[in-house]
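**Student:** pasting the sequence and the predicted model now:
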Amino acid sequence: MKIPSAKIQKTGSWQNSRHVLATIAGVLILITAASAGSVLAQQAEAVVDRVVAVVNGDIVTLYELNRAFKPFEANIKALRYPSEKERETLFQVRRDLLNQLIDSQLADQQVKRYQISVTQKEIDTAIERIKEARSFTDEQLREGLAAQGLTMEEYRKELESQILRTKLVNREVKSKIVITQEDIKAYYDRHKEKYAGDKKYYLWNIFVKASEFERETALKEINAVEARLKQGASFEALVKELNASASPVKGTDLGLYRRDELSSELQKVVENLKADEFSPVLETNFGYQIIYVQQIQETPPQPLQEVEADIKQTLYNEYVDTRYQDWLEELRARSYIKVIQ
């Protein structure tokens, strides 16, 4: 059982490795909980410690970095990359984690500077929300924490840090974001294709596979099927019949697709078909096929008033991301940070 932990930290100039962390985080689910351990476990580890970064008056130790890195290292190695790619990936992730630890120190220093605090009630509320979202009982939550080497006290401390940093971001970033009607209208105009309505095609096909030397025979087979369709045979019934027979010609219910989800060749085919119409025989890399449009689903364009709230939230999220990165860079610029190799 994994216990969720919603981190707010983001990377800055090291964004190139974010996709690596995101892939592995999907496996880990919980970075902080997996990297934390009991005091006794920490004392039991034979770790030679040293300072790897100085952040104003605080330090980041090798032990902290190794502890954060350990679960990522195991999962990267499990991916079985070629040795050179594995080495580069491990280096990228380790560097990214060090930057995150530095950012955490900077954030914690700002929390102290502004005397931001968290009440026990806020922590209780956060835990109740987590239990509700995961359908955990109190006993299940404690069991999950114990499986990861965490006590409830340690988990509460971690949640306290997260809430403090969230409040800091609210103070320094979110509270200063203003989204105007002009911003919303400009976004709507720039993304008209997104709100211009949608058209989806429910497709079937009948096909025959053929090598270069079998194409003439295969073409005769599918032409015979096409002739039956032109005589009024049901496409769906014919697919069922062909699939139950020994014929090399088969059929498939392909499902629902937007036009932009199709290959450029199929886009040209379906845009000229109405519902309940089929294409002529098409030559493909694997042989021949006939495309059938069973139905077309269309949604009308969305007026600005209908999508205004969604656009505002989208812009807000974009501004938060951008300004958070800007704020972090400014904070780093006016701080003393020394990375010790």
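**Tutor:** Yep, that arrived. Just so it is clear, the model here is predicted, and its values are computed rather than measured. Numbering: from 1, shown residues only.
**Student:** isn't residue 198 right up against residue 258?
**Tutor:** Yes - under the criterion of C-beta atoms under 8 Å, residue 198 lies in contact with residue 258, with a separation of 6.5 Å. To be clear about C-beta, it is placed using only N, CA and C from the backbone, and glycine gets the same treatment.
**Student:** who's more crowded, those two?
**Tutor:** Taking neighbours as other C-beta atoms under 10 Å, residue 198 and residue 258 compare with residue 198 leading, 16 against 11.
**Student:** and residue 165, how many neighbours?
**Tutor:** Other residues lying near residue 165 total 20 when counted by other C-beta under 10 Å.
**Student:** what helix or strand is it on?
**Tutor:** Element membership of residue 165, judged by DSSP states H and E, is helix 152-172.
**Student:** that helix: what's the following helix or strand?
**Tutor:** Helix 152-172 is succeeded, C-terminally, by helix 181-190 (DSSP H and E).
**Student:** flag every buried residue along the helix or strand that that following helix is followed by.
**Tutor:** Later in the chain than helix 181-190, the nearest helix or strand by DSSP H and E is helix 192-195. Neighbour counts over helix 192-195 (16 or more other C-beta atoms under 10 Å) mark residue 195 as buried.
**Student:** how about stretch 298-315?
**Tutor:** Neighbour-count burial for stretch 298-315 flags 307, 311-312, 315 (criterion: 16+ other C-beta under 10 Å).
**Student:** equivalent analysis for stretch 144-162, please.
**Tutor:** Applying 16+ other C-beta under 10 Å to stretch 144-162 flags 144-145, 148-150, 154-155, 158-162 as buried.
**Student:** tell me the one of the residues you listed nearest residue 103?
**Tutor:** residue 161 (12.6 Å; C-beta to C-beta).
**Student:** the closest residue to that closest one other than its chain neighbours sits in which helix or strand?
**Tutor:** Distance criterion C-beta to C-beta, 6 or more residues apart in numbering; nearest residue to residue 161, sequence neighbours excluded, is residue 108 at 7.4 Å. Using DSSP H and E, residue 108 falls within helix 83-113.
**Student:** how many residues are close by the closest residue to residue 174 other than its chain neighbours?
**Tutor:** The shortest distance from residue 174 to any non-neighbouring residue, by C-beta to C-beta, 6+ apart, is to residue 320 (6.0 Å). Burial measure for residue 320: 17 neighbouring residues, criterion other C-beta under 10 Å.
**Student:** residue 179: neighbouring residues, count only.
**Tutor:** For residue 179, using other C-beta under 10 Å, the count is 16.
**Student:** I meant to write residue 164 there.
**Tutor:** Neighbours of residue 164 under the rule other C-beta under 10 Å: 20.
**Student:** excluding its backbone neighbours, what's nearest it?
**Tutor:** Nearest residue to residue 164 in three dimensions, chain neighbours excluded: residue 111, at 4.8 Å (C-beta to C-beta, 6+ apart).
**Student:** residue boundaries of the strands in the chain?
**Tutor:** Assigned by DSSP state E, the strands in the chain fall at 51-55, 58-61, 198-209, 250-258, 277-278, 282-283, 287-299, 337-339.
**Student:** next, give phi and psi for residue 180.
**Tutor:** Main-chain dihedrals, residue 180, degrees, to the nearest 10: phi -100, psi 170.
**Student:** count the neighbours of residue 224 for me.
**Tutor:** By other C-beta under 10 Å, neighbour count at residue 224 equals 11.
**Student:** let me redo that: residue 327
**Tutor:** Neighbour count for residue 327, taken as other C-beta under 10 Å: 17.
**Student:** count of residues packed around residue 253?
**Tutor:** By the criterion of other C-beta under 10 Å, residue 253 has 13 neighbours.
**Student:** pairing partners for it in the sheet, please.
**Tutor:** Listed beta-bridge partners, residue 253: residue 204 (assigned using DSSP bridges).
**Student:** that one against residue 240, yeah?
**Tutor:** No - the pair formed by residue 253 and residue 240 falls short of the contact definition of C-beta under 8 Å, at 9.9 Å.
**Student:** so what's the nearest residue to residue 156 once chain neighbours are set aside up against?
**Tutor:** Excluding the flanking residues, the one nearest residue 156 by C-beta to C-beta, 6+ apart is residue 123, at 5.4 Å. Residues near residue 123 by C-beta atoms under 8 Å, 6 or more residues apart in numbering: 156, 159-160, 163.
**Student:** just residue 59 next, same as before
**Tutor:** Taking C-beta under 8 Å, 6+ apart as the contact definition, residue 59 lies against 51, 53.
**Student:** pull out the buried positions in stretch 326-338.
**Tutor:** 327-328, 331-332, 337.
**Student:** so of these, which ones are in helices?
**Tutor:** Under the assignment DSSP state H, those contribute 327-328, 331-332 to helices.
**Student:** just to revisit the earlier point, got CSV for the strands of the chain, with distance to residue 95 and mean pLDDT too?
**Tutor:** CSV is the format used below for these (distance: least, C-beta to C-beta, whole Å; pLDDT from 0 to 100):
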stretch, distance to residue 95, mean pLDDT
strand 51-55, 11, 95
strand 58-61, 13, 95
strand 198-209, 42, 94
strand 250-258, 39, 95
strand 277-278, 56, 96
strand 282-283, 50, 94
strand 287-299, 45, 94
strand 337-339, 9, 95
